[in-house]
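# give me the fold of what follows.
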Amino acid sequence: MDAEILARVQFAFTVAFHYIYPPLSIGLGIVLVVMEAIWLKTGNPLYHNMARYWTRVFALTFAIGVATGIVMEFEFGTNWATYSRFVGDIFGSALAAEGIFAFFLESGFLAILLFGWNKVGPKLHFFATCMVCFGAHFSAIWIVVANSWMQTPAGYHLETTVNGQSVRLPAEHILTEADLGSVRAVIDDFWAMVFNPSSVDRLIHVVLGAWMAGAFLVISISAFYLLRKRHLDFAKASMKVGLAVGTVATLLQMVSGDFTAKGVLKNQPAKFAALEGVYQTEARAPMTVIGWVDPVNETVQGLKIPGLLSFLSYEDVNATVTGLHNIPSDDFLKARYPNASPEEISKIRRSYWPPVPATFQFYHIMISIGVALLVIVIIALFLLWSGRLFKTDSKLTRAFLWVLVFSVLGPQIANQAGWFTAELGRQPWIVYELLKTSEALSKVVTANHILASLIMFAFVYLLLFLVFIFLLTRKIQHGPDHLEEDLEMPDSWKAIIRTKEARA
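You can find the predicted model right below:
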(Lines give C-alpha, C1' and ligand atoms only; values in the text may rest on other atoms or scores of the structure.)
Protein backbone atom coordinates (compact mmCIF):
# COMPACT_ATOMS: atom_id res chain seq x y z
CA MET A 1 0.00 0.00 0.00
CA ASP A 2 1.14 3.55 -0.68
CA ALA A 3 1.63 6.25 1.93
CA GLU A 4 -1.78 7.85 1.35
CA ILE A 5 -3.74 4.65 1.98
CA LEU A 6 -1.67 3.81 5.06
CA ALA A 7 -2.08 7.34 6.45
CA ARG A 8 -5.83 7.12 5.97
CA VAL A 9 -5.96 3.68 7.58
CA GLN A 10 -3.90 4.88 10.53
CA PHE A 11 -6.05 7.94 11.14
CA ALA A 12 -9.27 5.94 10.75
CA PHE A 13 -7.99 3.34 13.20
CA THR A 14 -6.91 5.84 15.86
CA VAL A 15 -10.06 7.95 15.58
CA ALA A 16 -12.38 4.93 15.58
CA PHE A 17 -10.64 3.50 18.63
CA HIS A 18 -10.70 6.85 20.44
CA TYR A 19 -14.37 7.32 19.58
CA ILE A 20 -15.30 4.39 21.81
CA TYR A 21 -14.70 6.43 24.97
CA PRO A 22 -15.79 10.12 24.65
CA PRO A 23 -19.42 9.18 23.88
CA LEU A 24 -19.45 7.05 27.03
CA SER A 25 -18.03 9.95 29.06
CA ILE A 26 -20.56 12.42 27.66
CA GLY A 27 -23.47 10.01 28.18
CA LEU A 28 -22.40 9.01 31.68
CA GLY A 29 -21.94 12.69 32.51
CA ILE A 30 -25.61 13.43 31.89
CA VAL A 31 -26.59 10.28 33.83
CA LEU A 32 -24.50 11.42 36.81
CA VAL A 33 -26.17 14.83 36.77
CA VAL A 34 -29.62 13.18 36.83
CA MET A 35 -28.71 10.78 39.64
CA GLU A 36 -27.09 13.41 41.82
CA ALA A 37 -29.98 15.83 41.23
CA ILE A 38 -32.44 13.15 42.42
CA TRP A 39 -30.26 12.58 45.50
CA LEU A 40 -30.25 16.29 46.33
CA LYS A 41 -34.00 16.49 45.76
CA THR A 42 -35.03 13.40 47.71
CA GLY A 43 -32.16 12.78 50.11
CA ASN A 44 -32.42 9.08 49.23
CA PRO A 45 -28.99 7.52 49.98
CA LEU A 46 -29.55 4.97 47.21
CA TYR A 47 -29.06 7.68 44.58
CA HIS A 48 -25.97 8.90 46.39
CA ASN A 49 -24.61 5.36 46.19
CA MET A 50 -25.55 5.16 42.50
CA ALA A 51 -23.85 8.44 41.65
CA ARG A 52 -20.65 7.35 43.38
CA TYR A 53 -20.56 4.02 41.59
CA TRP A 54 -21.15 5.44 38.12
CA THR A 55 -18.57 8.14 38.83
CA ARG A 56 -15.95 5.39 38.98
CA VAL A 57 -17.02 4.11 35.57
CA PHE A 58 -16.99 7.67 34.22
CA ALA A 59 -13.44 8.20 35.49
CA LEU A 60 -12.28 5.09 33.65
CA THR A 61 -13.81 6.13 30.32
CA PHE A 62 -12.45 9.66 30.72
CA ALA A 63 -8.90 8.47 31.42
CA ILE A 64 -8.76 6.06 28.47
CA GLY A 65 -10.38 8.66 26.23
CA VAL A 66 -7.69 11.22 27.02
CA ALA A 67 -4.91 8.67 26.48
CA THR A 68 -6.23 7.58 23.09
CA GLY A 69 -6.95 11.11 21.87
CA ILE A 70 -3.47 12.57 22.15
CA VAL A 71 -2.07 10.71 19.14
CA MET A 72 -4.40 12.30 16.60
CA GLU A 73 -3.05 15.81 17.13
CA PHE A 74 0.42 14.59 16.18
CA GLU A 75 -0.92 12.73 13.15
CA PHE A 76 -2.09 16.02 11.66
CA GLY A 77 1.46 17.31 11.69
CA THR A 78 3.26 14.12 10.68
CA ASN A 79 1.00 12.48 8.09
CA TRP A 80 -1.17 15.40 6.98
CA ALA A 81 1.21 18.36 6.97
CA THR A 82 -0.23 19.90 3.78
CA TYR A 83 -3.69 19.85 5.33
CA SER A 84 -2.40 21.32 8.60
CA ARG A 85 -0.63 24.13 6.79
CA PHE A 86 -3.66 24.86 4.62
CA VAL A 87 -6.34 24.96 7.36
CA GLY A 88 -4.20 25.59 10.44
CA ASP A 89 -5.71 29.03 11.04
CA ILE A 90 -9.21 27.53 11.15
CA PHE A 91 -8.80 23.99 12.42
CA GLY A 92 -6.23 25.08 14.99
CA SER A 93 -8.60 27.71 16.40
CA ALA A 94 -11.29 25.12 17.12
CA LEU A 95 -8.82 22.65 18.65
CA ALA A 96 -7.27 25.40 20.78
CA ALA A 97 -10.70 26.40 22.06
CA GLU A 98 -11.44 22.77 22.89
CA GLY A 99 -8.19 22.41 24.83
CA ILE A 100 -8.27 25.73 26.67
CA PHE A 101 -11.95 26.08 27.53
CA ALA A 102 -13.45 22.59 27.48
CA PHE A 103 -10.68 20.27 28.62
CA PHE A 104 -9.43 22.57 31.38
CA LEU A 105 -12.99 23.12 32.61
CA GLU A 106 -13.64 19.38 32.69
CA SER A 107 -10.30 18.52 34.28
CA GLY A 108 -10.49 21.32 36.84
CA PHE A 109 -13.65 19.99 38.44
CA LEU A 110 -12.83 16.32 37.92
CA ALA A 111 -10.88 16.06 41.19
CA ILE A 112 -13.86 17.39 43.14
CA LEU A 113 -16.16 14.95 41.36
CA LEU A 114 -13.91 11.97 42.12
CA PHE A 115 -12.50 12.77 45.56
CA GLY A 116 -14.80 15.41 46.99
CA TRP A 117 -17.68 13.28 48.22
CA ASN A 118 -16.77 13.60 51.91
CA LYS A 119 -14.82 16.84 51.62
CA VAL A 120 -17.21 19.38 50.07
CA GLY A 121 -20.90 20.04 50.50
CA PRO A 122 -23.50 18.20 48.39
CA LYS A 123 -24.43 21.31 46.40
CA LEU A 124 -20.82 22.15 45.59
CA HIS A 125 -20.21 18.57 44.55
CA PHE A 126 -23.31 18.66 42.34
CA PHE A 127 -22.00 21.87 40.78
CA ALA A 128 -18.68 20.13 40.06
CA THR A 129 -20.57 17.23 38.46
CA CYS A 130 -22.48 19.66 36.25
CA MET A 131 -19.25 21.40 35.24
CA VAL A 132 -17.57 18.12 34.32
CA CYS A 133 -20.63 17.15 32.29
CA PHE A 134 -20.71 20.56 30.62
CA GLY A 135 -16.99 20.37 29.91
CA ALA A 136 -17.41 17.01 28.19
CA HIS A 137 -20.19 18.45 26.02
CA PHE A 138 -18.21 21.63 25.37
CA SER A 139 -15.28 19.54 24.18
CA ALA A 140 -17.57 17.73 21.76
CA ILE A 141 -18.84 21.06 20.45
CA TRP A 142 -15.41 22.22 19.27
CA ILE A 143 -14.42 18.88 17.80
CA VAL A 144 -17.68 18.66 15.84
CA VAL A 145 -17.34 22.30 14.74
CA ALA A 146 -13.87 21.57 13.35
CA ASN A 147 -15.06 18.47 11.52
CA SER A 148 -18.23 20.16 10.30
CA TRP A 149 -16.18 22.96 8.78
CA MET A 150 -14.38 20.28 6.75
CA GLN A 151 -17.80 19.07 5.59
CA THR A 152 -19.31 22.49 4.87
CA PRO A 153 -16.60 25.20 4.99
CA ALA A 154 -17.77 28.74 5.75
CA GLY A 155 -16.47 32.00 7.23
CA TYR A 156 -13.09 31.91 5.50
CA HIS A 157 -11.15 33.21 2.53
CA LEU A 158 -8.09 31.99 0.67
CA GLU A 159 -4.89 33.97 0.67
CA THR A 160 -1.37 33.58 -0.64
CA THR A 161 1.92 35.35 -0.11
CA VAL A 162 3.46 37.53 -2.81
CA ASN A 163 6.77 39.27 -2.11
CA GLY A 164 6.25 38.78 1.60
CA GLN A 165 2.75 40.28 1.56
CA SER A 166 -0.50 38.42 2.14
CA VAL A 167 -2.82 38.65 -0.85
CA ARG A 168 -6.47 37.70 -0.65
CA LEU A 169 -7.64 35.46 -3.48
CA PRO A 170 -11.06 35.76 -5.13
CA ALA A 171 -13.84 33.53 -3.80
CA GLU A 172 -14.05 31.60 -7.08
CA HIS A 173 -10.35 30.66 -6.99
CA ILE A 174 -9.80 26.94 -7.65
CA LEU A 175 -6.87 25.31 -5.90
CA THR A 176 -4.19 23.73 -8.04
CA GLU A 177 -1.24 21.57 -7.09
CA ALA A 178 1.01 24.61 -7.40
CA ASP A 179 -1.06 26.39 -4.72
CA LEU A 180 -0.58 23.79 -2.00
CA GLY A 181 2.65 25.21 -0.64
CA SER A 182 1.57 28.85 -0.56
CA VAL A 183 -2.23 29.19 -0.40
CA ARG A 184 -4.03 28.77 2.91
CA ALA A 185 -7.51 29.23 4.33
CA VAL A 186 -7.92 32.10 6.80
CA ILE A 187 -10.85 32.91 9.09
CA ASP A 188 -12.68 36.12 8.27
CA ASP A 189 -15.86 35.38 10.27
CA PHE A 190 -15.32 33.27 13.38
CA TRP A 191 -19.00 32.73 14.12
CA ALA A 192 -19.75 31.79 10.52
CA MET A 193 -17.03 29.17 10.88
CA VAL A 194 -18.53 27.90 14.15
CA PHE A 195 -22.11 27.90 12.88
CA ASN A 196 -21.30 26.55 9.44
CA PRO A 197 -24.21 24.96 7.53
CA SER A 198 -23.80 21.50 9.07
CA SER A 199 -22.42 22.14 12.57
CA VAL A 200 -25.65 22.44 14.57
CA ASP A 201 -27.34 19.41 13.01
CA ARG A 202 -24.22 17.28 13.37
CA LEU A 203 -23.55 18.43 16.93
CA ILE A 204 -27.04 17.48 18.08
CA HIS A 205 -26.72 14.13 16.31
CA VAL A 206 -23.34 13.40 17.93
CA VAL A 207 -24.41 14.44 21.44
CA LEU A 208 -27.60 12.38 21.32
CA GLY A 209 -25.55 9.40 20.14
CA ALA A 210 -23.28 9.93 23.13
CA TRP A 211 -26.24 10.09 25.51
CA MET A 212 -27.44 6.79 24.07
CA ALA A 213 -23.99 5.23 24.56
CA GLY A 214 -23.86 6.25 28.23
CA ALA A 215 -27.48 5.34 28.93
CA PHE A 216 -27.21 1.89 27.40
CA LEU A 217 -24.03 1.20 29.37
CA VAL A 218 -26.02 1.89 32.55
CA ILE A 219 -28.89 -0.25 31.25
CA SER A 220 -26.52 -3.09 30.35
CA ILE A 221 -24.76 -3.29 33.71
CA SER A 222 -28.04 -2.88 35.60
CA ALA A 223 -29.57 -5.75 33.61
CA PHE A 224 -26.54 -7.89 34.42
CA TYR A 225 -27.01 -7.28 38.15
CA LEU A 226 -30.70 -8.15 37.85
CA LEU A 227 -29.87 -11.42 36.12
CA ARG A 228 -27.34 -12.25 38.83
CA LYS A 229 -29.77 -11.08 41.55
CA ARG A 230 -27.12 -8.79 43.03
CA HIS A 231 -27.52 -5.21 44.24
CA LEU A 232 -31.19 -5.35 43.26
CA ASP A 233 -32.31 -1.97 44.61
CA PHE A 234 -29.29 -0.32 43.01
CA ALA A 235 -29.88 -2.12 39.70
CA LYS A 236 -33.58 -1.27 39.57
CA ALA A 237 -33.03 2.43 40.26
CA SER A 238 -30.10 2.62 37.82
CA MET A 239 -32.16 0.85 35.18
CA LYS A 240 -34.93 3.43 35.52
CA VAL A 241 -32.52 6.35 35.14
CA GLY A 242 -30.76 4.67 32.22
CA LEU A 243 -34.07 3.96 30.50
CA ALA A 244 -35.24 7.54 31.03
CA VAL A 245 -32.10 9.04 29.48
CA GLY A 246 -31.93 6.36 26.79
CA THR A 247 -35.56 6.77 25.76
CA VAL A 248 -35.34 10.55 25.48
CA ALA A 249 -32.06 10.36 23.57
CA THR A 250 -33.27 7.64 21.20
CA LEU A 251 -36.54 9.40 20.37
CA LEU A 252 -34.78 12.72 19.80
CA GLN A 253 -32.16 10.96 17.69
CA MET A 254 -34.84 9.88 15.24
CA VAL A 255 -35.81 13.53 14.74
CA SER A 256 -32.19 14.66 14.64
CA GLY A 257 -31.37 12.05 12.00
CA ASP A 258 -34.09 13.42 9.73
CA PHE A 259 -32.79 16.99 10.04
CA THR A 260 -29.20 15.85 9.53
CA ALA A 261 -30.08 13.89 6.38
CA LYS A 262 -31.93 16.88 4.93
CA GLY A 263 -28.87 19.02 5.68
CA VAL A 264 -26.70 16.54 3.78
CA LEU A 265 -29.16 16.67 0.86
CA LYS A 266 -28.84 20.45 0.75
CA ASN A 267 -25.11 20.86 1.34
CA GLN A 268 -23.52 17.61 0.12
CA PRO A 269 -25.71 16.12 -2.62
CA ALA A 270 -23.09 13.55 -3.69
CA LYS A 271 -22.95 12.17 -0.15
CA PHE A 272 -26.74 12.02 0.06
CA ALA A 273 -26.97 10.16 -3.24
CA ALA A 274 -24.35 7.69 -2.00
CA LEU A 275 -26.20 7.20 1.31
CA GLU A 276 -29.28 6.07 -0.56
CA GLY A 277 -27.55 4.50 -3.57
CA VAL A 278 -29.18 6.90 -6.05
CA TYR A 279 -27.29 6.74 -9.35
CA GLN A 280 -29.96 8.04 -11.72
CA THR A 281 -31.98 11.18 -11.13
CA GLU A 282 -35.59 10.13 -10.69
CA ALA A 283 -38.98 11.28 -9.50
CA ARG A 284 -40.89 9.28 -6.91
CA ALA A 285 -37.56 7.89 -5.73
CA PRO A 286 -37.79 4.74 -3.60
CA MET A 287 -36.00 4.19 -0.30
CA THR A 288 -34.13 0.95 0.22
CA VAL A 289 -35.00 -0.52 3.62
CA ILE A 290 -32.71 -3.55 3.31
CA GLY A 291 -30.35 -3.99 0.40
CA TRP A 292 -26.93 -3.72 -1.15
CA VAL A 293 -25.24 -1.77 -3.92
CA ASP A 294 -24.25 -3.34 -7.23
CA PRO A 295 -21.44 -0.96 -8.30
CA VAL A 296 -20.91 -2.68 -11.65
CA ASN A 297 -24.46 -2.10 -12.85
CA GLU A 298 -24.86 1.01 -10.66
CA THR A 299 -28.06 -0.21 -9.06
CA VAL A 300 -29.30 -1.10 -5.59
CA GLN A 301 -30.85 -4.49 -4.91
CA GLY A 302 -33.17 -5.12 -2.00
CA LEU A 303 -36.47 -4.21 -0.36
CA LYS A 304 -37.63 -0.78 -1.52
CA ILE A 305 -40.58 1.44 -0.64
CA PRO A 306 -41.63 3.50 -3.71
CA GLY A 307 -41.66 7.26 -3.27
CA LEU A 308 -40.49 7.19 0.34
CA LEU A 309 -37.10 8.80 -0.36
CA SER A 310 -38.77 11.62 -2.30
CA PHE A 311 -41.26 12.15 0.52
CA LEU A 312 -38.67 12.16 3.32
CA SER A 313 -36.39 14.45 1.31
CA TYR A 314 -38.90 17.02 0.05
CA GLU A 315 -42.19 16.08 1.78
CA ASP A 316 -43.53 15.30 -1.69
CA VAL A 317 -43.85 11.71 -2.86
CA ASN A 318 -43.45 12.81 -6.50
CA ALA A 319 -40.37 15.00 -5.96
CA THR A 320 -37.23 14.43 -8.02
CA VAL A 321 -34.07 13.23 -6.25
CA THR A 322 -30.79 14.03 -8.00
CA GLY A 323 -28.60 11.03 -8.75
CA LEU A 324 -24.84 10.67 -8.92
CA HIS A 325 -24.82 10.87 -12.72
CA ASN A 326 -25.69 14.56 -12.34
CA ILE A 327 -23.27 15.23 -9.45
CA PRO A 328 -21.08 17.28 -9.55
CA SER A 329 -22.72 19.61 -12.03
CA ASP A 330 -21.29 20.20 -15.49
CA ASP A 331 -20.50 23.81 -14.54
CA PHE A 332 -18.46 22.65 -11.53
CA LEU A 333 -16.42 20.23 -13.63
CA LYS A 334 -15.96 22.56 -16.62
CA ALA A 335 -14.55 25.23 -14.31
CA ARG A 336 -11.87 22.74 -13.26
CA TYR A 337 -11.39 21.03 -16.62
CA PRO A 338 -12.14 23.72 -19.24
CA ASN A 339 -10.65 21.74 -22.13
CA ALA A 340 -12.41 18.44 -21.38
CA SER A 341 -14.94 17.04 -23.85
CA PRO A 342 -18.44 15.98 -22.72
CA GLU A 343 -17.30 12.34 -22.78
CA GLU A 344 -14.28 13.17 -20.65
CA ILE A 345 -16.45 15.17 -18.25
CA SER A 346 -18.66 12.10 -17.79
CA LYS A 347 -15.63 9.98 -16.90
CA ILE A 348 -14.13 12.65 -14.64
CA ARG A 349 -17.43 12.96 -12.75
CA ARG A 350 -17.03 9.47 -11.32
CA SER A 351 -13.75 10.46 -9.66
CA TYR A 352 -15.75 12.93 -7.55
CA TRP A 353 -18.12 10.27 -6.22
CA PRO A 354 -17.63 8.83 -2.74
CA PRO A 355 -17.23 5.05 -2.41
CA VAL A 356 -20.93 4.26 -2.81
CA PRO A 357 -21.14 0.64 -1.53
CA ALA A 358 -19.28 1.35 1.73
CA THR A 359 -21.10 4.65 2.36
CA PHE A 360 -24.47 3.01 1.68
CA GLN A 361 -23.83 0.02 3.96
CA PHE A 362 -22.44 1.98 6.91
CA TYR A 363 -25.35 4.41 6.71
CA HIS A 364 -27.91 1.61 6.70
CA ILE A 365 -26.13 -0.16 9.57
CA MET A 366 -26.46 3.04 11.61
CA ILE A 367 -30.14 3.43 10.73
CA SER A 368 -30.95 -0.23 11.43
CA ILE A 369 -29.30 -0.18 14.84
CA GLY A 370 -31.04 3.07 15.74
CA VAL A 371 -34.43 1.56 14.94
CA ALA A 372 -33.54 -1.61 16.86
CA LEU A 373 -32.56 0.41 19.93
CA LEU A 374 -35.83 2.33 19.73
CA VAL A 375 -37.74 -0.96 19.71
CA ILE A 376 -35.70 -2.18 22.69
CA VAL A 377 -36.45 0.87 24.85
CA ILE A 378 -40.15 0.73 23.94
CA ILE A 379 -40.32 -2.92 25.02
CA ALA A 380 -38.36 -2.13 28.19
CA LEU A 381 -40.72 0.71 29.06
CA PHE A 382 -43.74 -1.52 28.48
CA LEU A 383 -42.31 -4.24 30.74
CA LEU A 384 -41.45 -1.63 33.36
CA TRP A 385 -44.96 -0.15 33.19
CA SER A 386 -46.54 -3.60 33.46
CA GLY A 387 -44.33 -4.53 36.41
CA ARG A 388 -42.57 -7.41 34.63
CA LEU A 389 -39.14 -5.94 33.90
CA PHE A 390 -37.74 -6.88 37.31
CA LYS A 391 -39.41 -10.30 37.61
CA THR A 392 -36.27 -12.30 36.94
CA ASP A 393 -37.96 -15.65 37.55
CA SER A 394 -39.74 -15.29 34.20
CA LYS A 395 -37.89 -16.87 31.27
CA LEU A 396 -39.19 -14.19 28.92
CA THR A 397 -37.97 -11.41 31.21
CA ARG A 398 -34.57 -13.05 31.62
CA ALA A 399 -34.22 -13.41 27.86
CA PHE A 400 -35.02 -9.72 27.40
CA LEU A 401 -32.60 -8.73 30.17
CA TRP A 402 -29.86 -10.54 28.23
CA VAL A 403 -30.84 -8.44 25.22
CA LEU A 404 -30.37 -5.36 27.42
CA VAL A 405 -26.96 -6.62 28.57
CA PHE A 406 -25.71 -6.80 24.98
CA SER A 407 -27.55 -3.64 23.89
CA VAL A 408 -24.53 -1.64 25.07
CA LEU A 409 -22.88 -2.60 21.78
CA GLY A 410 -25.65 -0.99 19.73
CA PRO A 411 -24.82 2.70 20.26
CA GLN A 412 -21.11 1.98 19.88
CA ILE A 413 -21.55 0.28 16.52
CA ALA A 414 -24.04 2.93 15.37
CA ASN A 415 -21.71 5.77 16.38
CA GLN A 416 -18.80 4.18 14.55
CA ALA A 417 -20.94 3.49 11.48
CA GLY A 418 -22.19 7.07 11.52
CA TRP A 419 -18.66 8.44 11.65
CA PHE A 420 -17.55 6.19 8.78
CA THR A 421 -20.61 7.33 6.82
CA ALA A 422 -19.77 11.00 7.32
CA GLU A 423 -16.11 10.62 6.39
CA LEU A 424 -16.49 8.21 3.47
CA GLY A 425 -19.37 10.23 2.07
CA ARG A 426 -17.20 13.35 1.93
CA GLN A 427 -14.58 11.72 -0.29
CA PRO A 428 -12.62 12.56 -2.38
CA TRP A 429 -12.51 15.78 -0.36
CA ILE A 430 -10.83 16.37 2.97
CA VAL A 431 -12.27 19.91 2.91
CA TYR A 432 -15.43 19.72 0.86
CA GLU A 433 -15.02 21.10 -2.69
CA LEU A 434 -11.83 22.84 -1.63
CA LEU A 435 -8.98 20.42 -0.85
CA LYS A 436 -8.79 16.75 -1.84
CA THR A 437 -7.64 14.07 0.57
CA SER A 438 -4.90 13.01 -1.84
CA GLU A 439 -3.54 16.57 -1.82
CA ALA A 440 -3.43 16.85 1.98
CA LEU A 441 -0.78 14.21 2.62
CA SER A 442 2.69 15.01 3.92
CA LYS A 443 5.23 14.84 1.13
CA VAL A 444 8.18 13.52 3.14
CA VAL A 445 6.61 10.67 5.14
CA THR A 446 7.18 7.27 3.57
CA ALA A 447 4.88 4.27 3.56
CA ASN A 448 7.34 2.31 5.71
CA HIS A 449 7.32 5.03 8.38
CA ILE A 450 3.54 5.09 8.51
CA LEU A 451 3.27 1.30 8.54
CA ALA A 452 5.69 1.05 11.47
CA SER A 453 3.78 3.64 13.49
CA LEU A 454 0.46 1.98 12.58
CA ILE A 455 1.66 -1.37 13.94
CA MET A 456 2.90 0.32 17.11
CA PHE A 457 -0.36 2.21 17.65
CA ALA A 458 -2.39 -0.94 17.00
CA PHE A 459 -0.45 -2.74 19.73
CA VAL A 460 -0.71 0.14 22.23
CA TYR A 461 -4.40 0.76 21.56
CA LEU A 462 -5.21 -2.93 21.84
CA LEU A 463 -3.39 -2.99 25.16
CA LEU A 464 -5.37 0.05 26.36
CA PHE A 465 -8.61 -1.61 25.30
CA LEU A 466 -7.74 -4.76 27.24
CA VAL A 467 -6.90 -2.64 30.29
CA PHE A 468 -10.24 -0.85 29.92
CA ILE A 469 -12.17 -4.13 29.71
CA PHE A 470 -10.24 -5.58 32.67
CA LEU A 471 -10.84 -2.56 34.91
CA LEU A 472 -14.48 -2.22 33.88
CA THR A 473 -15.05 -5.92 34.58
CA ARG A 474 -13.50 -5.53 38.02
CA LYS A 475 -15.75 -2.60 38.83
CA ILE A 476 -18.79 -4.57 37.70
CA GLN A 477 -17.75 -7.58 39.78
CA HIS A 478 -17.14 -5.44 42.87
CA GLY A 479 -20.42 -3.61 42.45
CA PRO A 480 -21.49 -0.57 44.46
CA ASP A 481 -20.44 -2.09 47.81
CA HIS A 482 -16.74 -1.18 47.43
CA LEU A 483 -16.85 2.59 47.27
CA GLU A 484 -14.85 4.12 50.05
CA GLU A 485 -11.52 2.59 49.11
CA ASP A 486 -11.91 3.36 45.41
CA LEU A 487 -13.01 6.96 45.73
CA GLU A 488 -10.65 8.00 48.49
CA MET A 489 -7.63 10.02 47.49
CA PRO A 490 -4.38 8.11 46.96
CA ASP A 491 -2.20 7.75 50.08
CA SER A 492 0.47 9.98 48.56
CA TRP A 493 -2.08 12.80 48.23
CA LYS A 494 -3.24 12.28 51.82
CA ALA A 495 0.35 12.44 53.04
CA ILE A 496 0.91 15.75 51.25
CA ILE A 497 -2.26 17.21 52.78
CA ARG A 498 -1.34 15.99 56.28
CA THR A 499 2.13 17.53 55.92
CA LYS A 500 0.69 20.88 54.89
CA GLU A 501 -1.81 20.79 57.75
CA ALA A 502 0.96 20.00 60.24
CA ARG A 503 3.06 22.93 58.95
CA ALA A 504 0.07 25.23 59.24
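# you'd agree Val300 is in a strand?
Yes: assignment of Val300 by DSSP: H, G, I helix; E, B strand; the rest coil places it within a strand.
# list the contacts for it?
Val300 makes contact with 277, 288, 291-294, 360, according to C-beta atoms under 8 Å, 6 or more residues apart in numbering. (C-beta placed from N, C-alpha, C; glycine too.)
# ok, it to Leu251 distance?
Note on Val300: its distance to Leu251, by C-beta to C-beta, to the nearest Å, is 29 Å.
# ditto for Ile70
35 Å.
# and Ala223, how far is that from Ala399?
Using C-beta to C-beta, Ala223 is found at 11 Å from Ala399.
# my bad, Ser310
As judged by C-beta to C-beta, Ser310 and Ala399 stand 40 Å apart.
# compare those two (neighbour count), which wins?
Neighbour comparison, Ser310 and Ala399: the larger count goes to Ser310, with 21 against 9 (by other C-beta atoms under 10 Å).
# show me what counts as buried in stretch 237-257.
237-243, 245-250, 252-253, 256-257 (16 or more other C-beta atoms under 10 Å).
# revised request: answer the last question for stretch 178-189.
179-180, 183-185, 187.
# for Ser84, which non-adjacent residue is closest in space?
Once flanking residues are discounted, Ser84 sits nearest to Phe76: 4.8 Å by C-beta to C-beta, 6 or more residues apart in numbering.
# which residues touch the one you found?
Taking C-beta under 8 Å, 6+ apart, one finds 83-84, 91 in contact with Phe76.
# mind putting the residues you listed into TSV with neighbour count, pLDDT and secondary structure?
Formatted as TSV, the contacts of Phe76 follow (neighbours: other C-beta atoms under 10 Å; pLDDT from 0 to 100; DSSP: H, G, I helix; E, B strand; the rest coil):
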residue	neighbour count	pLDDT	secondary structure
Tyr83	22	87	helix
Ser84	18	85	helix
Phe91	21	80	helix
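# can you redo those as a markdown table with distance to Tyr314?
As requested, the contacts of Phe76 are exported to a markdown table (distance: C-beta to C-beta, whole Å):
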| residue | distance to Tyr314 |
| --- | --- |
| Tyr83 | 35 |
| Ser84 | 39 |
| Phe91 | 34 |
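# which helix in this structure has the most residues?
helix 232-267 (DSSP state H).
# mean confidence score for it?
Average pLDDT, helix 232-267: 92.
# which residues in the stretch 201-350 of the chain form helices?
In the stretch 201-350 of the chain, the segments counted as helices under DSSP state H, counting those that start in this stretch are 232-267, 269-276, 308-314, 330-336, 342-350.
# would you reformat those helices as a markdown table and include distance to Ala422?
What follows is the helices of the stretch 201-350 of the chain, written out as a markdown table (distance: least, C-beta to C-beta, whole Å):
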| stretch | distance to Ala422 |
| --- | --- |
| helix 232-267 | 9 |
| helix 269-276 | 8 |
| helix 308-314 | 18 |
| helix 330-336 | 22 |
| helix 342-350 | 21 |
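# among those, which is nearest Gly387?
helix 232-267 (11.6 Å; C-beta to C-beta).
# and the angle for the closest one with helix 269-276?
130 degrees (axes from the mean of the first three to the mean of the last three C-alpha atoms, to 10 degrees).
# pLDDT score for the closest residue to Leu265 other than its chain neighbours?
Spatial nearest neighbour of Leu265, chain neighbours left out: Phe272 (4.5 Å); criterion: C-beta to C-beta, 6+ apart. Each residue has a pLDDT score; the one for Phe272 is 91.
# shouldn't Phe272 be in contact with Val264?
Yes: between Phe272 and Val264 there is a contact under C-beta atoms under 8 Å: 4.7 Å.
# helices and strands around the helix or strand where Ile450 lies, which ones?
Using DSSP states H and E, Ile450 sits in helix 447-478. Contacts defined by 3 or more C-beta pairs under 8 Å, 6 or more residues apart in numbering; DSSP states H and E place helix 447-478 against helix 3-18, helix 45-78.
# what residues of the very next helix or strand once past the first one count as buried?
Elements were assigned by DSSP H and E; along the chain past helix 3-18, the next helix or strand is helix 21-42. By neighbour count, and taking 16+ other C-beta under 10 Å as the criterion, the buried residues in helix 21-42 are 21-36, 38-39.
# and the nearest residue to Ile476 once chain neighbours are set aside, how many residues sit next to it?
Excluding the flanking residues, the one nearest Ile476 by C-beta to C-beta, 6+ apart is Ile221, at 5.8 Å. Per other C-beta under 10 Å, the neighbour tally for Ile221 reads 25.
# same question for Leu226.
24.
# was I right about it contacting Phe390?
Yes: at 6.4 Å, Leu226 counts as touching Phe390 under the criterion of C-beta under 8 Å.
# what touches both of those two?
Shared contacts of Leu226 and Phe390, counting by C-beta under 8 Å, 6+ apart, come down to 232, 236, 239.
# next up, the contacts around the second one.
To tie it back to what came earlier, the one meant is Lys236. Residues counted as contacts of Lys236 (C-beta under 8 Å, 6+ apart) are 222, 226, 390.
# let's see it at 7 Å
Contact analysis of Lys236 by C-beta atoms under 7 Å, 6 or more residues apart in numbering lists Phe390.
# likewise Val293?
Contacts of Val293 by C-beta under 7 Å, 6+ apart are 277, 300, 356-357, 360.
# in CSV: the buried residues of stretch 178-189, plus distance to Ala213.
Output for those, formatted as CSV (distance: C-beta to C-beta, whole Å):
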residue, distance to Ala213
Asp179, 41
Leu180, 38
Val183, 40
Arg184, 36
Ala185, 33
Ile187, 32
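# just give me the closest of those residues to Gln427.
Leu180 (18.4 Å).
# could you measure from that closest one over to Ile348?
Taking C-beta to C-beta, one finds Leu180 at 20 Å from Ile348.
# quick one: Thr437 from Lys119, how far?
50 Å.
# which element, helix or strand, includes Trp353?
Counting by DSSP H and E, Trp353 is part of no helix or strand.
# what sits closest to it if chain neighbours are left out?
That would be Leu324: by C-beta to C-beta, 6+ apart, it lies 5.4 Å from Trp353.
# so the one you found makes contact with Pro354?
No: applying C-beta atoms under 7 Å as the test, Leu324 and Pro354 come out as separate, 9.0 Å apart.
# overlap in contacts, these two.
With C-beta under 7 Å, 6+ apart as the test, Leu324 and Pro354 both reach Ala270.
# just the element for the closest residue to Ile369 other than its chain neighbours, please.
Counting by C-beta to C-beta, 6+ apart, Ile369 lies nearest to Ala414, which is 4.1 Å off, once chain neighbours are set aside. If you go by DSSP H and E, Ala414 is part of helix 409-426.
# follow-up on the earlier one: who's more crowded, Thr437 and Lys119?
Each of Thr437 and Lys119 has its neighbours counted (other C-beta under 10 Å); Thr437 has more, 18 against 11.
# show me what contacts that one?
427-430.
# quick one: pLDDT of the closest residue to His157 other than its chain neighbours?
Take His157 and drop its neighbours on the chain: the residue closest to it by C-beta to C-beta, 6+ apart is Asp188, 5.1 Å away. pLDDT, Asp188: 87.
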